[in-house]
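Visitor: Below is the sequence, then the predicted model.
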Amino acid sequence: MSGLDDLKQMSPQDFLALGSLGIAYIRPVSEAGAACYAVHTADGSQAGLFDNEDEAIAAVLENGLEPVSIH
């Protein structure tokens, strides 16, 4: 079976778990009318909210995770 076939056979829960260790997703959001950046875990839970992208990235790296930007 190829890697692509393996991915096609994964359940949604398996796919979420694949990225749950070591990855944090950063995306721009609006909070109370102000632009800021949210950090989310692979399951979509918000882990933090920051004033700017650099702060979000620094927090992710400081916690030993790999930042992934979502636009």
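Guide: Okay, I see it.
Visitor: did I read that right, residue 30 in a strand?
Guide: Yes. Under DSSP: H, G, I helix; E, B strand; the rest coil, residue 30 falls within a strand.
Visitor: what about the nearest residue to it once chain neighbours are set aside, how many residues close to it?
Guide: Nearest residue to residue 30, sequence neighbours excluded (Cβ to Cβ, 6 or more residues apart in numbering): residue 36, at 7.5 Å. Backbone N, C-alpha and C define where each C-beta goes, glycine included. Applying other Cβ atoms under 10 Å, we find 16 residues neighbouring residue 36.
Visitor: what's the answer for the one 10 residues further on, then?
Guide: For residue 46, the number of neighbouring residues by other Cβ under 10 Å comes to 12.
Visitor: What's the separation between it and residue 27?
Guide: For residue 46, the distance to residue 27 (Cβ to Cβ, to the nearest Å) stands at 10 Å.
Visitor: what's the overlap in contacts for those two?
Guide: Shared contacts of residue 46 and residue 27 (Cβ atoms under 8 Å, 6 or more residues apart in numbering): 38, 40.
Visitor: Just checking: what are the partner strands of the helix or strand the residue nearest to residue 30 falls within?
Guide: Per DSSP states H and E: residue 36 is located in strand 34-40. Paired neighbours of strand 34-40 in the sheet (DSSP bridges): strand 23-31 (antiparallel), strand 46-50 (antiparallel).
Visitor: right, so of these, which gets closest to residue 40?
Guide: Nearest of those to residue 40, taken as Cβ to Cβ: strand 23-31 at 4.6 Å.
Visitor: so how far is the closest one off the chain centroid?
Guide: Mean-position distance between strand 23-31 and its chain equals 7 Å (Cα atoms, centre = their mean, to the nearest Å).
Visitor: And for stretch 28-44?
Guide: 11 Å.
Visitor: picking that back up, so the residue nearest to residue 30 sits right up against residue 27, yeah?
Guide: No. Using Cβ atoms under 8 Å, residue 36 is not in contact with residue 27; the gap is 10.2 Å.
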